[in-house]
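Engineer: give me a 3D structure for the following:
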Amino acid sequence: MNQEPAPVKTQVLQDVFDSAFTAIHQALEGAKPQLKPREVGIITRVGTGIAKVSGLPGVGFEELIEFPGDVLGIAFNVDEEEIGVVLLGDYWHLRAGDEVRRTGRVMDVGVGEGLLGRVMDPLGRPLDEGGPVASSGRLPVERPAAHIMDRAPVTVPLQTGLKVIDALIPVGRGQRELILGDRRTGKTAIAIDTILNQQDQNVVCVYCFIGQRASAVAKAVATLREKGAMDYTVVVVTEGNDPPGLAYVAPYAATTIAEFFMEAGRDVLIVYDDLTHHARAYRELSLLLNRPPGREAFPGDIFYIHSRMLERATHLRTELGGGSLTALPIIETQAQDISAYIPTNLISITDGQIYLSPSLFELGILPAVDVGKSVSRVGGKAQRAAYRAVAGDLKLAYAQFEELETFSRFGARLDENTRKTIDHGQRIRACLKQQENAPVSVPAQITVLLALSGKLFDEVPLNLMTDAEQALINAAAKLPAEVRARLESVEKLSDQDREKIVQTARDTLAPFQPKLEDKLGANTKSQTGDKSEAETGEKPNSVPAVKPENKTEIKPKPDSKSEDKTDAKTRPPLVSKKDVKADIKPKVEPPAQGEDKEKSEPGEKS
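Structural biologist: Modelled structure (predicted):
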């Protein structure tokens, strides 16, 4: 083989180097150094979740500041000489004298369809094993709420799958319904059940955990995954050991994620669990930054931080996509005190509240919703017409039952109507009970409520109510498809559908009702007792009547007044009863016919 001469190879290599150096030389000649001013500050003090920074004269309110170690902070206090910064990450490595820089932007969060099914923190960092979070854009966490003219009325219901809420305290799409109660009364369970019921309803759910225990977060996420609800849910988490700054920005970041789907024309449900921790985190930051405290040591703008967030929940007009954002904030009360500072603030901000009673929870009445203290200010406007037809008088009947039940505990004797009212109320309470993570469909709820309003459950014994209700729910699933479709629509309940459902309920509940022989036996027994009472003239187990003695009647003389006055002067101070009986000889009337003389003349007998 002929080899190429070495001088030729050297020449080719030389040409390559010459062209490379020529390009570098041209690039250097074209490059012009530019000086960009950059503001740099110095950390003067580091506290628990906050830092004081000097310098940065041009920093703005709520602007992001970059600290060493890729830690971000929000400028909270912009004073003349120093800046109070809320830290959004681990700050143990920060020291006084470290350099900080401005970023020129406010805090934002990634949004997009890729967030569905993911668990992340408010900064968009993944907390699951799904890798980096795929976002299609970024939006600031603090955004103005929709204008009044951009909003539409709340008319479409948001079904929770819980009979007591859908029937008595309806929630509409675009509404803000507060869930409050003492610790461990089932507040999170109601939120989880509501998310589970949104499957196949074209509703996106956002669950925001604020300062919760890691075990509680893991349990809730595992339940959502097991039921297949993570496919349409985004979970934003701040744990109890996270800095208070993350707990403060978490609900705003979650609201921005929910608004992205709302502005795309979709219905969204967001749960804040819970805003008590959010208020405490803000109080901690405010006190550390030397803001003046107010009632219960909360700062004066504690109302505003919640109102500006919950005002972003709304129902947009059709021209703007027609999307909606429904908010379910959760608040923890202490010792059933719903008149505390934070609960009353949120009650005044929201459109109603669902109160969970610890006493009902201890009695095993789950969900422990206190119907008397719960209210929905949207009410029937956000309820299907079929619900209004079958559950219109249910709340009044249940309230009457609770009053009579309290009265009957005193052992008072009840008449027949009162007893029937109490029996009917007990069936209402039994039907409103529901197991956790078991939402009930709309046709099944309407069937059960229609049977309740028709008093078809009144003949069912209380110990068989659970089985009877489950059998009726199973029977509702076998209703004709066109009937179930009409029940889930906005149409009113027709007479034909009502008759069909009532007949189905009668046939289903018949095996659980007492047999005819048992009723006849009970009636025969009662008639026998009535007959014996009529023959003997005495009630069974009654005490025999005692004839009253014939009392003597003393008729005073016409001038008895003057005699009494003279006798009072001459009478001794103490006179025994025997002496009085011996001295006074009353005029005895003749004895009544058929009575013994001894009974009619007690003076002679004595």
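
Engineer: contacting residues around the residue nearest to Gly161 when sequence neighbours are not counted?
Structural biologist: Here the nearest residue to Gly161 in space, its sequence neighbours aside, is Pro439; by Cβ to Cβ, 6 or more residues apart in numbering that works out to 2.4 Å. (C-beta placed from N, C-alpha, C; glycine too.) By Cβ atoms under 8 Å, 6 or more residues apart in numbering, the residues touching Pro439 are 160-162, 193, 196-197.

Engineer: now do the same for the host helix or strand of Gln26: mean pLDDT, whole number.
Structural biologist: Using DSSP states H and E, Gln26 sits within helix 6-30. Across helix 6-30, pLDDT averages out at 79.

Engineer: most neighbours among the contacts of Pro439, which one is it?
Structural biologist: Thr160 (27 neighbours; other Cβ atoms under 10 Å).

Engineer: residues near the closest residue to that one other than its chain neighbours, how many?
Structural biologist: Leaving aside its sequence neighbours, Thr160 sits nearest to Thr194 (Cβ to Cβ, 6+ apart; 4.4 Å). Look at Thr194: counted by other Cβ under 10 Å, it has 25 neighbours.

Engineer: Thr194 and Gln336, how far apart?
Structural biologist: 23 Å (Cβ to Cβ, to the nearest Å).

Engineer: domains for the protein, by residue range?
Structural biologist: 40-106, 108-383, 384-516 (automatic domain parsing).

Engineer: thinking again about what came up before, among the contacts of Pro439, which two are most distant?
Structural biologist: Leu162 and Leu196 (10.5 Å; Cβ to Cβ).

Engineer: run through the stretch 501-606 of the chain and note the low-pLDDT ranges.
Structural biologist: 516-606 (pLDDT under 70).

Engineer: follow-up on the earlier one: dump the domains of the chain into JSON lines; add distance to Ala31 as well.
Structural biologist: Listed next are the domains of the chain as JSON lines, based on distance: least, Cβ to Cβ, whole Å:
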{"stretch": "domain 40-106", "distance to Ala31": "25"}
{"stretch": "domain 108-383", "distance to Ala31": "31"}
{"stretch": "domain 384-516", "distance to Ala31": "64"}
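
Engineer: so which of those comes closest to Ala27?
Structural biologist: domain 40-106 (28.7 Å).

Engineer: average pLDDT for that closest one?
Structural biologist: pLDDT averaged over domain 40-106 gives 94.

Engineer: mind checking the end-to-end distance for it?
Structural biologist: Domain 40-106 has an end-to-end distance of 17 Å (Cα to Cα, to the nearest Å).

Engineer: try stretch 371-380
Structural biologist: Note: stretch 371-380 ends 16 Å apart using Cα to Cα.

Engineer: got a list of what Arg388 touches?
Structural biologist: By Cβ under 8 Å, 6+ apart, the neighbours of Arg388 are Gly380.

Engineer: using the three-state scheme, assign it.
Structural biologist: Of the three states, Arg388 takes helix according to DSSP: H, G, I helix; E, B strand; the rest coil.

Engineer: gap between it and Thr155?
Structural biologist: 13 Å.

Engineer: swap in Glu488?
Structural biologist: Taking Cβ to Cβ, one finds Glu488 at 16 Å from Thr155.

Engineer: what of Glu332?
Structural biologist: For Glu332 relative to Thr155 (Cβ to Cβ), the value is 32 Å.

Engineer: of these two, give the one with the bigger neighbour count.
Structural biologist: Glu332 (19 against 14).

Engineer: and that one, what are its phi and psi?
Structural biologist: With angles defined as degrees, to the nearest 10, Glu332 sits at phi -100, psi 120.

Engineer: one more: Arg183?
Structural biologist: The phi/psi pair for Arg183 (degrees, to the nearest 10) is phi -70, psi 140.

Engineer: that one - nearest residue in space that isn't next to it in sequence?
Structural biologist: Nearest to Arg183 is Glu332, by Cβ to Cβ, 6+ apart, at 5.8 Å.

Engineer: what sits against that neighbour?
Structural biologist: Counted by Cβ under 8 Å, 6+ apart, Glu332 has contacts 180-183, 187, 274, 276.

Engineer: now, of those residues, which are buried?
Structural biologist: Buried members of these, counted by 16 or more other Cβ atoms under 10 Å: 180-182, 187, 274, 276.

Engineer: count of residues packed around Phe303?
Structural biologist: 17.

Engineer: what does the one 3 residues further on give?
Structural biologist: With neighbours defined by other Cβ under 10 Å, the count for His306 comes to 23.
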